[in-house]
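> Got a sequence here, can you build the structure:
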Amino acid sequence: MMTQIFVNIPTSDLERSKAFYTALGAGINPQFTDENAACIVWDENVFFMVLKREFFATFTDKPIADPQTTAQVSLAFSRESREDVDHVIEAGLAAGGSEPRPAQDLGFMYSRDLDDPDGNSLGFLFMEPQAAEQGPEAFVADHPEFADVPRPGVN
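Numbering: from 1, shown residues only. So this is what the prediction gives:
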């Protein structure tokens with residue numbers, strides 16, 4: 001059996017969230033979508049359950065973080081190219097999201113962050129295949145022009 005991932009995130013406006021995530025290219029599973037929640041389908045193994053804040057609160061006794069002011073989790077999605085990263089960010093901005101910081105280009109990896117209209121943090125990244133398979137240092141060894149680019153946890 002392959003593991004599926006279901007990430008629950010709060011929203012203050014369910015219809016706005018559905019429109020935002022479909023603008024990024026995700027689908028909606030109507031079997032698990034109603035007036036309190038929407039099942040956002042990224043692929044056959046990754047799903048978001050976007051839940052109205054009040055409904056989200058029924059699943060825990062803990063306070064629900066406000067994603068506009070508190071980062072509880074940041075989710076990252078790989079893309080096939082730098083252009084795909086830029087495309088999904090531009091779609092998200094056009095659908096009401098915001099880009100909280102500039103793009104990060106480490107040479108072997110290119111990433112951009114996107115906050116949905118509720119403030120939930122998403123990252124989209126492209127990693128050069130050589131770096132993904134052999135590690136960042138192998139990529140840098142073959143591309144010395146990136147030797148001085150700071151890499152978190154490395155320099």
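
> just the strands in this structure please.
5-11, 27-29, 37-43, 46-52, 74-78, 104-105, 109-115, 121-127 (DSSP state E).

> Please save the CA atoms from the longest helix belonging to the chain in CSV.
In the chain, taking DSSP state H as the definition, the longest helix is helix 82-94. Taking Å, rounded to 0.1, in the frame of the first residue of the first chain, the C-alpha atoms of helix 82-94 are listed here in CSV:
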residue,chain,number,x,y,z
ARG,A,82,12.3,26.8,-12.7
GLU,A,83,9.6,27.9,-15.2
ASP,A,84,7.1,25.7,-13.6
VAL,A,85,7.9,27.2,-10.2
ASP,A,86,7.4,30.7,-11.6
HIS,A,87,4.2,29.7,-13.3
VAL,A,88,2.6,28.3,-10.2
ILE,A,89,3.6,31.4,-8.2
GLU,A,90,2.2,33.8,-10.8
ALA,A,91,-1.1,31.8,-10.8
GLY,A,92,-1.2,32.0,-7.0
LEU,A,93,-0.5,35.7,-7.0
ALA,A,94,-3.3,36.2,-9.6
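
> That helix to strand 121-127, inter-axis angle?
Using axes from the mean of the first three to the mean of the last three C-alpha atoms, to 10 degrees, the inter-axis angle of helix 82-94 relative to strand 121-127 is 160 degrees.

> ok so, going back, as TSV, the strands of the chain with mean pLDDT and mean neighbour count would be great.
In this view, the C-beta of every residue, glycine as well, is placed from N, C-alpha and C. Conversion of the strands of the chain to TSV gives the following (pLDDT from 0 to 100; neighbours: other C-beta atoms under 10 Å):
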stretch	mean pLDDT	mean neighbour count
strand 5-11	93	17
strand 27-29	97	13
strand 37-43	96	19
strand 46-52	95	21
strand 74-78	90	13
strand 104-105	92	14
strand 109-115	95	21
strand 121-127	93	19
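
> These: which one's closest to His87?
Proximity to His87 (C-beta to C-beta) singles out strand 121-127 among the strands of the chain, at 9.2 Å.

> Show me what that closest one is packed against.
In this structure, strand 121-127 packs against strand 74-78, helix 82-94, strand 109-115, with contacts taken as 3 or more C-beta pairs under 8 Å, 6 or more residues apart in numbering; DSSP states H and E.

> Output the ones you listed as TSV; include the columns distance to Phe55.
Output for those, formatted as TSV (distance: least, C-beta to C-beta, whole Å):
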stretch	distance to Phe55
strand 74-78	20
helix 82-94	24
strand 109-115	21
